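Peer 1: sequence and predicted structure are below.
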Amino acid sequence: MMLWYWVTQCLVWAVHGYWENPSLIKCGAIDMQFTLPSLFQDVAFSLTVLDGNGRSHYFHNDSMCGTWVGNEPDGSVVIGSSYEGCYVQEKHGVYVMIFNVKELLHNGQIWNHRKELRCTSKPVSRESTTSTATWLTDAVVAVGILATIFAGVVIWKSHRNPTVFKGTKATLLKA
């Protein structure tokens, strides 16, 4: 449990230049995701995200804010956020989430990086012809506006559209 908390607060990996690689950003219909390379012990990062007022927050699993952190089978870390979440702002039809990364190198130097993740995808509205059931996976069933949790999947029913969050931690949302 403490290890998972630590991983979400301080992400560690050895690949330099990952931050500029646009292929690591995936823009979905309802969310954006960013993939970080496999975890190693060569370089340490502290990952924070800015809210709409410019305040910094540690990035972690937070169903109320529509954010999640998970691992891929290859060891890479995937972070994601709903377009409707606390940290994504819409600017001229583009969805933007701003990250700050503090990098601690072996020689003790600290480098700060700022990255804007940008997606032009529009979230699917409730009026869409796509059925809500399309977004439900792994036999998860949404009941009314309550969130249902099953097999590590969280369904967040917001005022605009349902969002599916996958991860190793699940949080029950109360209506």
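Peer 2: Received it, and whenever you're ready, just let me know what you need.
Peer 1: make it CA atoms for all contacts and neighbour counts henceforth
Peer 2: OK.
Peer 1: bridged to Ile110, which residues?
Peer 2: Bridge pairing for Ile110 (DSSP bridges) gives the partners Leu104.
Peer 1: got the contact list for it?
Peer 2: Going by C-alpha atoms under 8 Å, 6 or more residues apart in numbering, Ile110 touches 102-104.
Peer 1: so which of those wins on neighbours?
Peer 2: When the contacts of Ile110 are compared by neighbour count (other C-alpha atoms under 10 Å), Glu103 ends up highest, at 20 neighbours.
Peer 1: pretty sure that one sits against Thr48.
Peer 2: No: using C-alpha atoms under 8 Å, Glu103 makes no contact with Thr48, being 11.6 Å away.
Peer 1: all helices of this protein, in order?
Peer 2: For the chain, the helices defined by DSSP state H cover 2-9.
Peer 1: for it, which spans come out with low pLDDT?
Peer 2: The chain contains residues with pLDDT under 70 at 1-20, 38-45, 121-175.
Peer 1: quick revisit: need the contacts of Ile110 in JSON lines (columns: distance to Val78).
Peer 2: As requested, the contacts of Ile110 are exported to JSON lines (distance: C-alpha to C-alpha, whole Å):
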{"residue": "Lys102", "distance to Val78": "18"}
{"residue": "Glu103", "distance to Val78": "18"}
{"residue": "Leu104", "distance to Val78": "20"}
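Peer 1: Pro73: which of those is nearest?
Peer 2: Glu103 (24.5 Å; C-alpha to C-alpha).
Peer 1: please tell me how far that closest one sits from Trp111.
Peer 2: According to C-alpha to C-alpha, to the nearest Å, Glu103 stands 5 Å off from Trp111.
Peer 1: also Val88?
Peer 2: Val88 sits 24 Å away from Trp111, going by C-alpha to C-alpha.
Peer 1: the two: which is more packed in?
Peer 2: Shown here are Val88 and Trp111; by other C-alpha under 10 Å, Val88 has more neighbours (27 against 11).
Peer 1: and the more buried one, what does it touch?
Peer 2: Val88 neighbours (C-alpha under 8 Å, 6+ apart): 51-52, 81-82, 95-98.
Peer 1: quick one: the strands in the protein?
Peer 2: Here the chain has its strands, by DSSP state E, at 10-13, 25-27, 31-36, 39-50, 56-58, 67-71, 77-82, 89-91, 94-104, 110-119, 149-150, 153-157, 162-166.
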